[in-house]
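Novice: here is my input; please provide its structure:
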Amino acid sequence: MSLRDSVLGIGAAGCEAAFDYLKVMLRGKVTPERTISEAQFNRCLERLAGIHGVAAFLAHRAIEIGVLPEWPRAVARRLEDKLRAAAVREMGARQALRAALSGFASAGIRAVLIKGTPLAYTHYPAPHLRERGDVDVFVAEDDRVRAHDVLLALGYTASAAWARHCGSYQLQYGAPKASALAYDIDLHWRINDRQVFAEAIRFEELWGSAVPVAELFEHAWAPKPVHALLVACIHRAHHMHVKYLVDGEAHFEANRLVWLYDIHALASGFTDLEWEEFIALAVGRRIGNVCDNGLRAAEEHLETHLDPSISERLLSRRERELSRRLLSGRGGESYRWNDFVALRSLRDKSRLVADWLWPTKEHMAQKFNVPVERVTPTLYLQRALIWGGKQMWNRLYRVFVNRRRD
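Specialist: You can find the predicted model right below:
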């Protein structure tokens with residue numbers, strides 16, 4: 001069941017028109033006529049815009065196209081409020097991010113901004129139109145301890161790492177309390193937590209061709225467009241089985257419009273030479289199927305113009321790609337198995353299983369809201385039982401959804 005079908009309990013017929021309207025607006029085109037009642041349409045449109053991370057962008061497009069005065073006053077006012085709030089947030093968050101990047105530079109730490117933040121400054125009409133919940137920073141693995149120290153000195157609060165070995169390659173840092181508008185920072189030392197993607201682009205490769213984001217800051221660096229599109233496709237595939245949160249509510253949806261627009265904006269500006277490099281990298285790193293899937297989703301929903309030969313070339317070695325299994329929709333057990341298979345040595349495989357079964361005591365204490373000294377084997381058993389129950393529920397839910405679709 002997709003987001004547009006399930007949102008607010010309104011059936012597919014109720015949300016389909018709002019979803020189509022939203023996609024047309026993001027493309028900046030003349031909007032189609034509404035086909036359902038105003039109340040239903042507006043409820044669905046606002047809700048979908050929020051879940052898909054494009055509420056501010058929707059308001060911007062409505063002003064740009066000139067249709068905002070035609071909307072109900074209450075709807076227009078709420079979306080305009082979100083647009084203004086996003087602009088204010090961006091100004092405050094920019095100062096905090098500059099402080100972090102300056103701290104990294106002073107400590108001699110090379111850092112590359114990945115995912116939404118650099119694209120906000122390079123591929124959107126204005127930075128505040130690219131909504132995001134945090135800032136993703138990629139550093140060399142050898143620099144992550146020093147980067148940790150820099151962030152703590154700036155007032156960021158580190159979350160408890162759950163993996164001791166190779167179960168995770170990132171750590172989240174809560175924004176300083178003194179900076180109410182700052183974003184949390186996700187510090188990465190591999191490009192993705194999924195083992196099948198973790199080695200797709202190494203830091204040195206990304207840094208070697210990184211481009212400056214002058215509008216943001218003198219020490220702000222981003223992946224070049226070819227690498228940025230690879231990261232965008234990987235990120236989308238990652239969320240096929242990993243939830244994301246909107247206002248504390250969990251969602252599973254790979255075709256979230258904000259992620260598809262990232263792909264659309266990048267792909268729309270590619271030259272023939274960039275396509276050649278992108279295809280060679282995607283196929284060579286065995287993620288051609290994942291990249292093709294992301295591009296086709298952008299083409300379907302946002303009418304991204306793609307030469308038909310791109311798909312054929314990206315899929316030329318699809319049978320050899322372990323990453324293609326992530327597109328099967330079989331859920332958590334599928335991507336965990338892929339992670340296990342992707343690791344080459346028996347030592348790494350055993351360390352990964354150990355991370356799954358015995359996360360750190362600090363993580364357990366944070367998850368169950370108990371002191372570290374009260375983390376006992378019984379608590380680990382409780383965690384295992386909860387996990388088993390969730391897996392069973394997820395299986396039953398998928399069976400129910402598949403039967404509904406049939």
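Novice: leaving out chain neighbours, which residue sits closest to residue 125?
Specialist: Nearest residue to residue 125 in three dimensions, chain neighbours excluded: residue 60, at 6.7 Å (C-beta to C-beta, 6 or more residues apart in numbering). For every residue, glycine as well, the C-beta is placed using N, CA and C.
Novice: quick check: that neighbour is in a helix.
Specialist: Yes - assessed with DSSP: H, G, I helix; E, B strand; the rest coil, residue 60 lies in a helix.
Novice: OK, contacts around it?
Specialist: Applying C-beta atoms under 8 Å, 6 or more residues apart in numbering, one finds that residue 60 lies in contact with 83, 125-126, 129.
Novice: over to residue 261?
Specialist: Applying C-beta under 8 Å, 6+ apart to residue 261 gives the contacts 26, 54, 57, 298, 302.
Novice: now the buried members of the residues you listed.
Specialist: Buried members of the contacts of residue 261, scored by 16 or more other C-beta atoms under 10 Å, are 26, 54, 57, 298, 302.
Novice: which element is the spatially most central residue of the chain on?
Specialist: Nearest to the mean C-alpha position of the chain, counting by C-alpha atoms, centre = their mean, stands residue 235 at 5.2 Å. Using DSSP states H and E, residue 235 maps to helix 225-238.
Novice: show me how far that helix is from its chain's centre.
Specialist: 9 Å (C-alpha atoms, centre = their mean, to the nearest Å).
Novice: which strands and helices lie in contact with it?
Specialist: For helix 225-238, the packing partners by 3 or more C-beta pairs under 8 Å, 6 or more residues apart in numbering; DSSP states H and E come out as helix 116-122, helix 195-198, helix 257-268, helix 272-284, helix 288-302.
Novice: now render these as TSV, adding distance to residue 106 and mean pLDDT.
Specialist: Shown next, in TSV, are those (distance: least, C-beta to C-beta, whole Å; pLDDT from 0 to 100):
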stretch	distance to residue 106	mean pLDDT
helix 116-122	20	97
helix 195-198	29	89
helix 257-268	30	97
helix 272-284	33	97
helix 288-302	37	96
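Novice: between those helices, which one is closest to residue 343.
Specialist: Nearest to residue 343 among these is helix 195-198; the distance by C-beta to C-beta comes to 5.5 Å.
Novice: which neighbouring elements make contact with that closest one?
Specialist: helix 225-238, helix 332-342.
Novice: switch to 10 Å and redo it
Specialist: Helix 195-198 is packed against helix 225-238, helix 332-342, helix 346-357, with contacts defined by 3 or more C-beta pairs under 10 Å, 6 or more residues apart in numbering; DSSP states H and E.
Novice: of the ones you listed, which is nearest residue 196?
Specialist: Residue 196 sits nearest to helix 332-342 of all the helices and strands packed on helix 195-198, at 4.4 Å, using C-beta to C-beta.
Novice: could you export the contacts of residue 261 as TSV, including distance to residue 196?
Specialist: Converted to TSV, those look like this (distance: C-beta to C-beta, whole Å):
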residue	distance to residue 196
26	30
54	29
57	31
298	21
302	26
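Novice: take the helices and strands packed on helix 225-238 and lay them out in a markdown table including distance to residue 156.
Specialist: As requested, these are exported to a markdown table (distance: least, C-beta to C-beta, whole Å):
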| stretch | distance to residue 156 |
| --- | --- |
| helix 116-122 | 16 |
| helix 195-198 | 24 |
| helix 257-268 | 24 |
| helix 272-284 | 33 |
| helix 288-302 | 31 |
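Novice: for those helices, which one sits closest to residue 153?
Specialist: Among the helices and strands packed on helix 225-238, helix 116-122 sits nearest to residue 153 (C-beta to C-beta), with 21.3 Å.
Novice: tell me the contacts of the residue nearest to the centre of the chain?
Specialist: Neighbouring residues of residue 235 by C-beta atoms under 10 Å, 6 or more residues apart in numbering: 114-116, 136, 191-192, 197, 254, 259, 262-263, 294.
Novice: next one: residue 268
Specialist: 123, 298, 302-306.
Novice: quick one: buried ones out of these?
Specialist: Buried members of the contacts of residue 268, counted by 16+ other C-beta under 10 Å: 123, 298, 302, 304, 306.
Novice: average model confidence for the strand or helix carrying residue 245?
Specialist: Following DSSP H and E, one finds residue 245 within strand 244-246. Per-residue pLDDT values over strand 244-246 give a mean of 81.
Novice: repeat that for stretch 46-58.
Specialist: Stretch 46-58 carries an average pLDDT of 94.
Novice: send over that stretch as CSV, restricted to the C-alpha atoms.
Specialist: Only the C-alpha atoms of stretch 46-58 are listed here, as CSV (Å, rounded to 0.1, in the frame of the first residue of the first chain):
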residue,chain,number,x,y,z
GLU,A,46,-1.5,18.8,2.6
ARG,A,47,-0.9,15.5,4.2
LEU,A,48,1.0,14.1,1.2
ALA,A,49,3.1,17.2,0.8
GLY,A,50,4.2,16.8,4.4
ILE,A,51,5.0,13.1,4.3
HIS,A,52,6.8,13.5,1.0
GLY,A,53,8.9,16.4,2.3
VAL,A,54,7.8,18.9,-0.3
ALA,A,55,5.4,21.2,1.5
ALA,A,56,7.6,24.3,1.2
PHE,A,57,8.4,23.5,-2.4
LEU,A,58,4.7,23.1,-3.1
